[in-house]
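Asks: Have a look at this fold, sequence not included:
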């Protein structure tokens, strides 16, 4: 039962509709958690593409650019969006990947326009085009379904491995934090004890100097 639920979660696709403000940097950015060695496909539509390219009149050229960075900040993919198209990349490092879209031109006199954009992300097994694979490798319908199932199982294993790594990292961080809290408590206790002894010593010598004891 858990396996089927996990498959359903992994089969979920991400579709978002938003606007990109002209000249704003870094533009619109989204974070997608992707396990290591996982395919990601982005299908997009730019309804205002004609308006974007027409912005070249009067010396104002413009286009919409997409950039993908991995958790280390390294650039994974960069390209210029057309009216409709797709981009694809394979994660080399597991973690949060940042997808940013922005325009290449700045607005004049603070008059910033907004361009509509639609992005549909497929991650893992859902990113594969099985119809194209079947044509290329001459696979039957049953063979395609077997390939699909194997890819889905591999995606589940990758996700499990990634979640296990995150859990281990969280556990290490928690243990490190608990250790620091413990040592800080010990240091505070030692400081309080030493402070108490110092005050007693100082008061004893003060009373002796005043010949009160």
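Replies: Cool, got the structure. Everything quoted here is computed from the prediction, not taken from an experiment.
Asks: Show the contacting residues for the one residue sitting closest to the centre of the chain.
Replies: Centroid-nearest residue in the chain: residue 96, 2.4 Å away (criterion: CA atoms, centre = their mean). For residue 96, the contact set (CB atoms under 8 Å, 6 or more residues apart in numbering) comprises 31, 32, 33, 71. Just so you know, the C-beta spots here come from the backbone N, C-alpha and C atoms, and that holds for glycine as well.
Asks: Quick check: next helix or strand after the lowest-mean-pLDDT helix or strand in the chain?
Replies: Ranked by mean pLDDT, DSSP states H and E, the weakest helix or strand in the chain is helix 2-10, scoring a mean of 39. The first helix or strand that comes after helix 2-10 along the chain, using DSSP states H and E, is strand 14-21.
Asks: so what secondary structure elements neighbour that following strand?
Replies: Taking 3 or more CB pairs under 8 Å, 6 or more residues apart in numbering; DSSP states H and E as the contact definition, the neighbouring helices and strands of strand 14-21 are strand 28-34, strand 95-103, strand 114-123.
Asks: Between strand 95-103 and that strand, find me the angle.
Replies: Using axes from the mean of the first three to the mean of the last three CA atoms, to 10 degrees, one finds that strand 14-21 and strand 95-103 are set 40 degrees apart in direction.
Asks: Parallel or antiparallel, which strands does strand 14-21 pair with?
Replies: strand 114-123 (antiparallel) (DSSP bridges).
Asks: what's the burial count for residue 81?
Replies: By other CB atoms under 10 Å, 22 other residues sit near residue 81.
Asks: contacting residues around it?
Replies: Applying CB under 8 Å, 6+ apart, the residues near residue 81 are 44, 46, 49, 63, 64, 65, 66, 101, 117.
Asks: With adjacent residues omitted, what lies nearest to the third one?
Replies: Same thing as residue 49. The shortest distance from residue 49 to any residue that is not its chain neighbour, by CB to CB, 6 or more residues apart in numbering, is 3.8 Å, and that residue is residue 83.
Asks: The one you found and residue 51 touch, don't they?
Replies: No - counting by CB atoms under 8 Å, residue 83 sits too far from residue 51 to count as a contact (10.7 Å).
Asks: Mind naming the longest helix for this structure?
Replies: Counting residues, the longest helix in the chain under DSSP state H turns out to be helix 141-209.
Asks: tilt between it and strand 28-34?
Replies: Taking the same axes, to 10 degrees, helix 141-209 and strand 28-34 form an angle of 100 degrees between their directions.
Asks: Rounded mean pLDDT for stretch 86-101, please.
Replies: For stretch 86-101, mean pLDDT rounds to 90.
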